[in-house]
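Q: Here is my input, please return the structure:
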Amino acid sequence: MSSTHQPVNDPNNESDTIDLTGVLDLLVENRLLITIVAALFVLIGGLYAFLATPIYESNIVTQIEDSPDSSAKSLLGNLSSIFDVKSSADTETQILGSRLVVSGAVDTLKLYITAEPKRFPLIGGWISRHSKSLSRPGFLGMGGYTWGRESIDVDTFDVPSDLYEHKYTLTYLGNDEYSLAGDGLDQPVRGKVGKLETIRFGGGALQINVRSISAESGAVFLLKRYSRQQTIDELQKNLKVQSLGKDSDVISASLQSDDPELLAKTLNELGHQYVKQNAERKAAQADQSLQFLMIQEPQRRHELDTSEELLNDYRHKHATLQLDAEGKIILQQSADAQTKLLELRQKRQELMTRFGDSHPAVVAINDQINAVQANFDQITDRIKSMPLEEQGQLRLERDVRVNTDLYLALRNNIEQLRLLKAGKIGNVRLVDTAYQPERPVKPKKLLVVAASGILGLLVGIGLAALRETLFRGVTDPHALEVHSGLNVITTVPHSRAQIELAGQLDNSAGRSLLLVNAHADDPAIESLRSLRTSLQFSLLDARNNVVMVTGPAPGVGKSFVSANLAGLFAMSDKRVLLIDGDMRRGQINKYLAVTRERGLAELLGGAIDVTGATRREILPNLDFIPTGTLPANPAELLMNGRLKDIIAAASRQYDLVVVDAPPVLAVSDAEIIAPLAGTVYLIAMFGKTRTGEISESAKRLRQAGSVVTGLLFNGMKARGGKYSYGGKYATYRYISYKYDTRDE
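A: Sure, this is the predicted structure:
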């Protein structure tokens, strides 16, 4: 018979697409594993969702107000516009989250001090959140754990900087007394609630002032002091400040915390500090302008008095003149222009105290001064065309009118700036204060549980796929053919009846436990009948009638196939000899209810002849040679030359000789026996054998001078659809195949 060790199909030509039915098979076969993993993840997620510390969120809303519309043509109106310049929302957003504002809140609330009750791990927090009263401290009378609504208010807790973030334990002793223990303290020190305590030690001094404690005696609280700068930085990082809408004047600041009460206090203090700094900045600007105007006031008063005296002297020296209508108009225009010019110059001087020449406000006012100056120069030219006496009176009356307006405006400005400074009113206001949230924003329980379930399913599927990849053998006969290059002669379905018979081996009571006898209509036997038919035709081209059955590793069912195949041939009126060639762990004798002693081992050793080793008529037309007493050197016995003569003689005497050989990858015995057989079958077990093992077994037998006739796929289990396969099966492993020293 020609060699069948040829590739059946090129695996590279197989489709690379995902076999969905194969995936479904994977899910169905591993449903228990997937369910357990998913349930475990849901349990863990549920515990986290209900036991994790809830996180709350709240916010404040502020508004940047528009500058009031000042229609007054006085210096006050101009100065007010300076103080009420509207900042952009982006600028105010940065200010609200700045260190200036945040540090004020940190210092006021002393956020660098943390003091909280000692809770039992995992469940302590959950129990306390659902409690309505104080608890009896301790767990089984120990530890000082609190389970209720205990609280502590620490106003001062200062330690040396090298002890920042070190944990201190404060135990309430009752009667407003407590003890404090921690790093730097050789032994616990006692203190009084409401009193500032100072404890000095080698590394410095510790100060603590506990305002109040609400707890039963024995309750323990945990205290920590953090760096002020670190606390400010942390609060800045956690604070989220944003403008509500595009080009909006409304700003929101939000924060998250596990303490809803402290959360509301912190946000409201941030809002207060923000509004306060804005008002103080406006008041400081007003004070700066006020100081400038106070310096200008005596000079303006002197200029007014001087202009009045000059006008009176001029009228005394000259006859009183009445200006005509054109003169009055020119006088009014000249006075207005000069007043405007002086106002602008005054405003420019004030701006220069705060800004440079290139500042937009300074540049704008310079442009206004140039425009008014040009108008004033034109009016001056018109005045020069008038009679000299009228020119002199007009200039003096203009000076008096301008100086009077400027002085009155200056006095008015001074009074208004005093009010502005005292009022400390800015251009931002707190629209919404922070409320104490009632419901946490995270963890979102339903979302956590759902996500845990989904993640559990994915992990379960991943573990199933990993197990399939690393530990599961081939399950598809076609895949076995594709990847090994050998033909699958037949598939033998899984037999529950055989499992039951195997369980009765130690209590056979002298009866045969061959499946072909006990359950002749079993599907596995029907499959072997198909093999018998195929083998009968194969034997016509084989060089002898010897059939060797082996497998790559133990537990693939080679002895089951050998014994029942021999029994089926015997039933067809063929004289059959069954040889148990596995002199290490062979146990076909148990299925045939005979002893193993005086068998193949003794025959090869020359202790007995073939007649003494053969059990005649175990079944009609079936003779059997057991392993004999398990030897220490089976490979050496097989190589002494007698096996070849024994097999040749049996081949002539019987219609069929079936040899059950040890696994190929475990020991070399099968490689010694194989060249003597005209037909060699390799057994592959469903879900256990890998194609790499089959390929390696075939390679070793080929190197020994034999060719594998075909594969027998044993233990086939029905599955829901097609079977997925791939390169994951192209590995093999070596098996430890030890001697069975049990007395059988």
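
Q: do you know how far the closest residue to Asn487 other than its chain neighbours is from Ala524?
A: Closest residue to Asn487 in three dimensions, ignoring its sequence neighbours and counting by C-beta to C-beta, 6 or more residues apart in numbering: Gly710, at 4.9 Å. Yep, even glycine has a C-beta here, placed from its N, CA and C like the rest. As for Gly710, its distance to Ala524 is 18 Å (criterion: C-beta to C-beta, to the nearest Å).

Q: Which one's more surrounded, those two?
A: Ala524 (25 against 20; other C-beta atoms under 10 Å).

Q: May I ask you to confirm that the more buried one is in contact with Arg496?
A: No. Judged on C-beta atoms under 8 Å, Ala524 makes no contact with Arg496 at a distance of 9.6 Å.

Q: Kindly check the end-to-end length of stretch 432-451 for me.
A: Criterion C-alpha to C-alpha, to the nearest Å; first-to-last residue distance in stretch 432-451 is 35 Å.

Q: Contacts for it next, please.
A: Applying C-beta atoms under 8 Å, 6 or more residues apart in numbering, the external contacts of stretch 432-451 come out as 42, 45-46, 48-50, 52, 54-61, 256, 260-261, 263-264, 266-268, 271.

Q: are any of these buried, and which?
A: 42, 45, 49, 52, 54-61, 256, 260, 263-264, 266-268, 271 (16 or more other C-beta atoms under 10 Å).

Q: so of the residues you listed, which ones are in helices?
A: Those of the buried ones among the contacts of stretch 432-451 mapping onto helices are 42, 45, 49, 260, 263-264, 266-268, 271, per DSSP state H.

Q: In JSON lines: those residues, plus distance to Lys224 and pLDDT.
A: Below are these laid out as JSON lines (distance: C-beta to C-beta, whole Å; pLDDT from 0 to 100):
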{"residue": "Val42", "distance to Lys224": "36", "pLDDT": "96"}
{"residue": "Gly45", "distance to Lys224": "30", "pLDDT": "94"}
{"residue": "Ala49", "distance to Lys224": "28", "pLDDT": "91"}
{"residue": "Pro260", "distance to Lys224": "20", "pLDDT": "93"}
{"residue": "Leu263", "distance to Lys224": "19", "pLDDT": "95"}
{"residue": "Ala264", "distance to Lys224": "22", "pLDDT": "95"}
{"residue": "Thr266", "distance to Lys224": "17", "pLDDT": "96"}
{"residue": "Leu267", "distance to Lys224": "22", "pLDDT": "95"}
{"residue": "Asn268", "distance to Lys224": "24", "pLDDT": "95"}
{"residue": "Gly271", "distance to Lys224": "27", "pLDDT": "93"}
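
Q: For those residues, give me JSON lines that also has distance to Pro121.
A: Supplementary listing: these in JSON lines, determined by distance: C-beta to C-beta, whole Å:
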{"residue": "Val42", "distance to Pro121": "22"}
{"residue": "Gly45", "distance to Pro121": "19"}
{"residue": "Ala49", "distance to Pro121": "17"}
{"residue": "Pro260", "distance to Pro121": "23"}
{"residue": "Leu263", "distance to Pro121": "24"}
{"residue": "Ala264", "distance to Pro121": "28"}
{"residue": "Thr266", "distance to Pro121": "27"}
{"residue": "Leu267", "distance to Pro121": "30"}
{"residue": "Asn268", "distance to Pro121": "33"}
{"residue": "Gly271", "distance to Pro121": "37"}
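
Q: in the stretch 351-500 of the chain, what spans have low per-residue confidence?
A: 381-391, 393-394, 417, 419-426 (pLDDT under 70).

Q: can you map out the strands along it?
A: 428-432, 488-493 (DSSP state E, counting those that start in this stretch).

Q: What pairs with the first one, parallel or antiparallel?
A: According to DSSP bridges, strand 428-432 has the following sheet partners: strand 56-64 (antiparallel).

Q: starting at the chain centroid, how far to the strand it pairs with?
A: Relative to the mean C-alpha coordinate of its chain, strand 56-64 is positioned 29 Å out (C-alpha atoms, centre = their mean, to the nearest Å).

Q: got it, and stretch 396-409?
A: 76 Å.

Q: What residues sit buried inside it?
A: By neighbour count, and taking 16+ other C-beta under 10 Å as the criterion, the buried residues in stretch 396-409 are 396-407, 409.

Q: Between which two of those is the distance greatest?
A: Spatial extent of these (C-beta to C-beta) is set by the pair Leu396 and Ala409 at 20.5 Å.

Q: Can you show me the CA trace of the longest strand seen in the chain as PDB?
A: Using DSSP state E, we find that the single longest strand of the chain is strand 204-214. Listed next in PDB are the C-alpha coordinates belonging to strand 204-214 (Å, rounded to 0.1, in the frame of the first residue of the first chain):
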ATOM      1  CA  GLY A 204      10.300  70.400  67.800                       C
ATOM      2  CA  ALA A 205       6.800  71.200  69.100                       C
ATOM      3  CA  LEU A 206       3.300  70.100  68.300                       C
ATOM      4  CA  GLN A 207       0.300  72.300  68.800                       C
ATOM      5  CA  ILE A 208      -3.300  71.000  68.800                       C
ATOM      6  CA  ASN A 209      -6.700  72.600  69.500                       C
ATOM      7  CA  VAL A 210      -9.700  70.400  69.300                       C
ATOM      8  CA  ARG A 211     -12.900  72.500  69.200                       C
ATOM      9  CA  SER A 212     -15.400  69.600  69.700                       C
ATOM     10  CA  ILE A 213     -15.700  65.800  69.600                       C
ATOM     11  CA  SER A 214     -19.000  64.000  69.100                       C
END
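
Q: Since that was my last question, I'll sign off now.
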